[in-house]
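1. need coordinates for the following:
(one chain, ligands or ions: 2)
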Amino acid sequence: MGSYHEPQKQLPTIDLSRISPAPELRGTEEWDVLCRKVREACEEYGCFEVVYEPIPVELRAETFSLIRRVFELPAETKALNFNPKPYHGYTGVYNLYESLGIEDASNCDCLREFAGLMWPEHNGHRQYFCKTVGTMMKQLEELWRMVEMLILDSYGLTKATDETASSSIMECKTLLRIMQYKAPPMGKPMSGLPTHTDKPLCTFLCDDQVSALQIELSQPPGAGEEQFISVPINPTSFLFIVGDPLMAWSNGRMHAVKHRVLMSGTKARYSLGAFQIPVEGTVITAPEELVDDIAGHPKLFKDFDYKDFINFSRSKEGTDLPSHRMIHAFAASADHN
Ligand SMILES: O=C(O)CCC(=O)C(=O)O
Ligand SMILES: [Fe+2]
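-> Ligands and ions are numbered 1, 2, ... in the order given. Purely as a prediction, here's the structure:
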């Protein structure tokens, strides 16, 4: 009491529970309000909390109990989750962090293959894993389609007559990553994941209620030290995060937010990320409607192949840079480097 605190800036929360499964709201005032909220959140914060009740808390709890079981397996078993694509397979243990990945995770065959490697002897576990995680992934893809449509409509990129709304920002597959962060020794705050911006198009994130995620609030240039805020994720919510390619697609309107995991306390943390990965051969290019030299929106990035960007982000030149600089070093237009 008696001391003044800056009011904590709150991340925007957007409830998308009502628009699932069919976007019958499209064209209504309510839809337009959601479009505006999503766009503002992506431009100002680079992320927002999505409330999404069609994924019940029970399904989330079951998914996290399965995730815990995966991490309890021996290291040799987890290492079978090999994928030559960057960020797609088992990472091993890095300090507090350990993670596994499942490519194309809404596809039952991919889930089955993963579960077969983890529990070759337990048909029951495998089936339960495919059913539970598969349901969650399908729902998250449904949610992504809604957010994608809201983004497209918010920039006026879909035609009012486009009843089927089949248009998309770009074709993607969902990469599921499951993550464990051990509690730090003596509970002293310690980095779980260093500050970065996401390299997938975008991410939906949730955790098992041990919160340790922090995001950087954007500040005007020259404002001094970066300021991070903690982001607890509610049990019926996901955090939507704009990645570097979505920022580039939007011609720099959206903000690829810097974030990190800072562990403290005595409990391990489990989190799950559903990352939208552009399919092989995708070239990231800003729609011409978002480029306008006269109105102050010159083209900020050259068109680039997503895979080349990922390879750059893993190269010596890329890894020598802070994560958020990589996309600028790789793809900035000559005038905007
Ligand atoms: O575990 C988390 O909460 C964050 C994970 C993350 O930022 C990432 O994998 O890109
Ligand atoms: Fe991230």
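
2. is ligand 1 within reach of the helix or strand hosting residue 177?
-> In the assignment (DSSP states H and E), residue 177 maps to strand 172-181. Yes: using CB under 6 Å from any ligand atom, strand 172-181 reaches ligand 1 at 177, 179. (Each C-beta comes from the backbone N, C-alpha and C, glycine too.)

3. packing partners for that strand?
-> helix 57-72, strand 97-102, helix 123-154, strand 190-196, strand 269-278 (3 or more CB pairs under 8 Å, 6 or more residues apart in numbering; DSSP states H and E).

4. so for residue 271, what's the pLDDT?
-> Residue 271 carries a pLDDT value of 98.

5. which non-adjacent residue is nearest it?
-> residue 207 (4.1 Å; CB to CB, 6 or more residues apart in numbering).

6. pretty sure that neighbour contacts residue 230?
-> No: taking contacts as CB atoms under 8 Å, residue 207 lies outside contact range of residue 230: 11.9 Å.

7. identify the contacts common to these two.
-> With contacts taken as CB atoms under 8 Å, 6 or more residues apart in numbering, residue 207 and residue 230 have residue 213 as neighbours in common.

8. among the two, which residue is more densely surrounded?
-> The residue with more neighbours, out of residue 207 and residue 230, is residue 207; 24 against 11, by other CB atoms under 10 Å.

9. ok, whatever residue of the chain ends up closest to ligand 1 - contacts?
-> Closest contact between the chain and ligand 1, by CB to the nearest ligand atom, is at residue 271 (3.5 Å). Residues near residue 271 by CB under 8 Å, 6+ apart: 178, 179, 181, 205, 206, 207, 208, 213, 261.

10. repeat for residue 38
-> 14, 48, 147, 150, 151, 154.

11. can you flag the buried ones in the residues you listed?
-> Buried members of the contacts of residue 38, counted by 16 or more other CB atoms under 10 Å: 14, 48, 147, 150, 151, 154.

12. so what's the first one bridging to?
-> Yep, that's residue 14 we're talking about. Residue 14 has the following beta-bridge partners by DSSP bridges: residue 50.

13. the stretch 201-337 of the chain against ligand 1: which residues are in contact?
-> So the stretch 201-337 of the chain meets ligand 1 at 205, 207, 213, 259, 261, 271, 273 (CB under 6 Å from any ligand atom).

14. burial measure for the closest residue to residue 31 other than its chain neighbours, as a count.
-> Excluding its sequence neighbours, the residue lying closest to residue 31 (CB to CB, 6+ apart) is residue 25, at 4.2 Å. For residue 25, the neighbour count with other CB under 10 Å is 16.

15. then residue 110?
-> Around residue 110 there are 19 other residues, counting by other CB under 10 Å.
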